[in-house]
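Trainee: sequence first, then the predicted structure, then my questions.
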Amino acid sequence: MSIEFLNVFPGLPANASATHAHILDVPDDYHTYEQRSKPKLWDGIVTMLFKISPDTLKMFLSPKIKSFRLIFHFDENPWGEHKFIIWRRRTEVLVGSFEVHVEENLYEWDMRAKCTIGYDGVWETHFASHRSYCKRSLAHAWKGPYFSYKQFKMHDAANEGVRNGIAVCLGEQILIDKLWNVRHTLETA
C-alpha cells in the first residue's frame, strides 16, 4: 500500500524530493495493512504535527523557536511509563520511544534517532540506536552519555542502512500509534 503526499501546508509541497518532509494522507486503518509503505521519519513527524494542528507544525518549523519539545504520554505498564519524544533544538531533532524507570533512575530507549534539518529543508538521519539507556533526565536524553544496562547491550547503528531502518521504524510508530490522538505536553523556547 502506498501513501499519497498532500499539498496542504505552505513550504511542504507534495512534489518535493524524498529528503524533504511531506504531509501524508494516512488512512484510518493504516495499522491493519500488512504491506505498508516505508515512511520517512520526517514525513511521519510533520504529518503527526499537522494532525495535531497546523499551528503546531508551524511552531515546529519556525526558526524563531529555538527549542520545540513534544512528549507523548502513554498509560503506565508494569515496566514503567512509556513515552515518545520529538525534540527540536535549532536544526537538530531527537526522536525516540522510551520507558521511564524511576527506581533505577533511567530512561530505557527502545529506539532513538537524531536528524538534522538543513536550511534548504533537507532532512538527514545522522545517528540512530536501539536498546540504549541514559540517566533519567531530558538533558541526558539530548546529549548522553548513553550506555548498556545489565544484560541489555546498546546497539548504535554504525551504517547508513541500519540508521535509516531505525528511522523508518520510528516513522511507522508515529503513524501506527496515531500519536496525534495521544496525550502530550509541548514546551517551546
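Mentor: Great, that's in hand.
Trainee: and the next element down the chain from the longest helix anywhere in the chain?
Mentor: Longest helix in the chain by number of residues (criterion: DSSP state H): helix 160-176. Past helix 160-176, further along toward the C-terminus, the next helix or strand under DSSP states H and E is strand 184-188.
Trainee: now do the buried residues in that next one.
Mentor: H184 (16 or more other C-beta atoms under 10 Å). Every C-beta, even on glycine, is put in place using the N, C-alpha and C of the backbone.
Trainee: which elements pack onto the lowest-mean-pLDDT helix or strand in the chain?
Mentor: The weakest-scoring helix or strand in the chain, judged by mean pLDDT, DSSP states H and E, is strand 155-156 (a mean of 71). In terms of contacts (3 or more C-beta pairs under 8 Å, 6 or more residues apart in numbering; DSSP states H and E), strand 155-156 is packed against strand 123-135.
Trainee: and the strand it packs on, what does it pack against?
Mentor: Checked by 3+ C-beta pairs under 8 Å, 6+ apart, strand 123-135 has helix 41-52, strand 106-117, strand 155-156, helix 160-176 packed alongside it.
Trainee: most packed of the ones you listed?
Mentor: When you average the neighbours per residue for each of those (mean count of other C-beta atoms under 10 Å), helix 41-52 leads with a mean of 24.
Trainee: what angle separates that helix from strand 106-117?
Mentor: 100 degrees (axes from the mean of the first three to the mean of the last three C-alpha atoms, to 10 degrees).
Trainee: tell me the mean pLDDT for whichever helix or strand comes after helix 41-52?
Mentor: Moving toward the C-terminus from helix 41-52, the next helix or strand (DSSP H and E) is helix 54-61. When pLDDT is averaged over helix 54-61, the result is 98.
Trainee: tally of neighbours for the closest residue to G11 other than its chain neighbours?
Mentor: What sits nearest to G11 in space, not counting adjacent residues and going by C-beta to C-beta, 6 or more residues apart in numbering, is L61, at 6.9 Å. Burial of L61 is recorded as 19 neighbouring residues (other C-beta atoms under 10 Å).
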